[in-house]
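S.K.: kindly return the folded structure for what I paste below:
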Amino acid sequence: MLLFLLCGAGIIYVVAGYPLLLRWIAARRAIPVAKQPLTKTISILIAVHNGEHFLADKLDSVVNLDYPRELMEVYVLSDGSTDGTADVARRYASSGIQLVELPKGGKPVALNAGILRSRGEILVLTDVRQVLERDSVRELIACFADPTIGVVSGDLPMREGIDREESNTSLYWRYEREIRKNLGKLGSTFGATGPFYAIRRELAPVMPVDTLLDDMYLPLAAYFRGYRVIVDEAARAIEYPFSVQGEFRRKVRTLAGNYQIMMQYPALLSRRNTMLFHFVSYKIGRLLLPWLFLGLLVSSFGLPHPWAAILIGAQVVFYGLAALDLLIPVNSPIKRLSTPARTVVTLLAAAALAVSVFFVPPHRLWIVTQARRRN
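M.R.: Residues are numbered from 1 along each chain as shown. Predicted coordinates for the structure are as follows:
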């Protein structure tokens, strides 16, 4: 009974209790950002592997940014691309886009190469899929008028999903965005929004080549030098939603990266981390979720009658719906329950498999995120 209650309480706290508590605290203790119009030299770094289907839209958005062109340099860092990525980038050479072709080494290697070439006071790191809104970079840079700010994430709203599966992963991302925004208001997030963020050039270290999460490694370097890492909701890049399968692959890497980042920054678990309570509640809590669900299931067998039968039955139905989701017709009303169940189970499985980072080379966990481009 005690194990059941502890696991149940842990799940409720991580999934709902902590986000609600964080919102409440952030609403009362928010630290303002002294944001004001600012122009700095910037270097936009776009690391891409086989992104020909998205690159033209991306570069169109970059070329049309509402930011002084003479203060911008833009690098397309082609990480061993074997498609038409380089050809697309070359078409924008007259617009000042610089192509850097690199042997396949992974995103950290490509970003390291871009950082070494860059001359801007602010680095803007962005992926290939997301289209930048016209004022997005100007909004990001304005946050650096506050000398306490070291890293600024853009906001990443998703396009509408083309099916229920993509809509459920989009819903999860909205939930995640809310947590990050509130952490930033309270002090600092523990990383940036990888597809679109900016960092002061002098705060960006060279990354180990096997780094899984550049969007945590670089921001945490700034965080432990006393700078804030925040989210700016006015700086927007529009993302494509993912399928459950695509989200699973991404979450295995990102959650494995959380284990790796704790080894790279052991101070995260010390008093040097002024947001330690939030790190444990948010990041550690996510890693514990699959084991809490497992403990809940196992401990249900020890409950008194009739609670054991009721709660075991409820969990069997939940996991059964998740397992059968792909077989249920799209127009079935049951799909409204089965697809969310499958999404939750998939994310739990990803968190459980994240421990593989201790047993396989990190580069084997790097799988390019797949998204379906809309015409």
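S.K.: tell me the SS of the most far-flung residue of the chain relative to its centre?
M.R.: Relative to the centre of the chain, the most outlying C-alpha is that of His305, 43.2 Å out, by C-alpha atoms, centre = their mean. Following DSSP: H, G, I helix; E, B strand; the rest coil, His305 is assigned to coil.
S.K.: doesn't Thr41 make contact with Arg119?
M.R.: Yes: contact criterion C-beta atoms under 8 Å: Arg119 and Thr41 qualify, at 6.8 Å. C-beta here means a position set from N, CA and C on the backbone, and glycine is covered the same way.
S.K.: and these two? Which one has more around it.
M.R.: A direct count of neighbours by other C-beta atoms under 10 Å for Arg119 and Thr41 places Thr41 higher, at 16 against 9.
S.K.: for the residue lying closest to that one once chain neighbours are set aside, which three-state class applies?
M.R.: Among residues not flanking Thr41 along the chain, Gly120 sits closest, at 4.4 Å (C-beta to C-beta, 6 or more residues apart in numbering). Following three-state DSSP, the label given to Gly120 is coil.
S.K.: how many neighbours does Gly120 have?
M.R.: The number of residues packed near Gly120 is 18, by other C-beta under 10 Å.
S.K.: ramachandran coordinates for it?
M.R.: Dihedral angles of Gly120 (phi, psi; degrees, to the nearest 10) stand at phi -70, psi 150.
S.K.: just for this structure, where's the confidence low?
M.R.: Across the chain, the ranges flagged by pLDDT under 70 are 160-170, 242-246, 366-375.
S.K.: which strand runs longest in it?
M.R.: When the chain is parsed with DSSP state E, its longest strand is strand 228-238.
S.K.: buried ones in the following helix or strand past that strand?
M.R.: Beyond strand 228-238 on the C-terminal side, the first helix or strand identified by DSSP states H and E is helix 244-264. By 16 or more other C-beta atoms under 10 Å, the buried positions in helix 244-264 come out as 244, 246-262, 264.
S.K.: hang on, the earlier thing: now do the shared contacts for Arg119 and Thr41.
M.R.: Glu73 (C-beta atoms under 8 Å, 6 or more residues apart in numbering).
S.K.: rewinding a little: quick one: the residue nearest to Thr41 and Asn182, what's the gap?
M.R.: 30 Å (C-beta to C-beta, to the nearest Å).
S.K.: how about Asp214?
M.R.: 23 Å.
S.K.: contacting residues for Ile261?
M.R.: Ile261 touches Leu212, Leu213, Met216, Tyr217, Leu220, Leu268, counting by C-beta under 8 Å, 6+ apart.
S.K.: now render those residues as JSON lines, adding secondary structure, distance to Pro329 and neighbour count.
M.R.: Shown next, in JSON lines, are the contacts of Ile261 (DSSP: H, G, I helix; E, B strand; the rest coil; distance: C-beta to C-beta, whole Å; neighbours: other C-beta atoms under 10 Å):
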{"residue": "Leu212", "secondary structure": "coil", "distance to Pro329": "38", "neighbour count": "28"}
{"residue": "Leu213", "secondary structure": "coil", "distance to Pro329": "38", "neighbour count": "24"}
{"residue": "Met216", "secondary structure": "helix", "distance to Pro329": "41", "neighbour count": "27"}
{"residue": "Tyr217", "secondary structure": "helix", "distance to Pro329": "44", "neighbour count": "22"}
{"residue": "Leu220", "secondary structure": "helix", "distance to Pro329": "46", "neighbour count": "24"}
{"residue": "Leu268", "secondary structure": "helix", "distance to Pro329": "46", "neighbour count": "23"}
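S.K.: could you dump those residues into JSON lines and include distance to Phe318?
M.R.: Below are the contacts of Ile261 laid out as JSON lines (distance: C-beta to C-beta, whole Å):
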{"residue": "Leu212", "distance to Phe318": "30"}
{"residue": "Leu213", "distance to Phe318": "30"}
{"residue": "Met216", "distance to Phe318": "32"}
{"residue": "Tyr217", "distance to Phe318": "36"}
{"residue": "Leu220", "distance to Phe318": "36"}
{"residue": "Leu268", "distance to Phe318": "33"}
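S.K.: show me what the longest strand of the chain packs onto, helices and strands only.
M.R.: strand 131-132, helix 136-142, strand 149-155, helix 164-186, helix 214-223 (3 or more C-beta pairs under 8 Å, 6 or more residues apart in numbering; DSSP states H and E).
S.K.: buried residues in it?
M.R.: Buried-residue list, strand 228-238, by 16+ other C-beta under 10 Å: Arg228, Val229, Ile230, Val231, Asp232, Ala235, Arg236, Ala237, Ile238.
S.K.: now, which of these sits nearest Leu22?
M.R.: Of all these, Val231 has the smallest distance to Leu22: 13.1 Å, by C-beta to C-beta.
S.K.: many thanks, have a good one.
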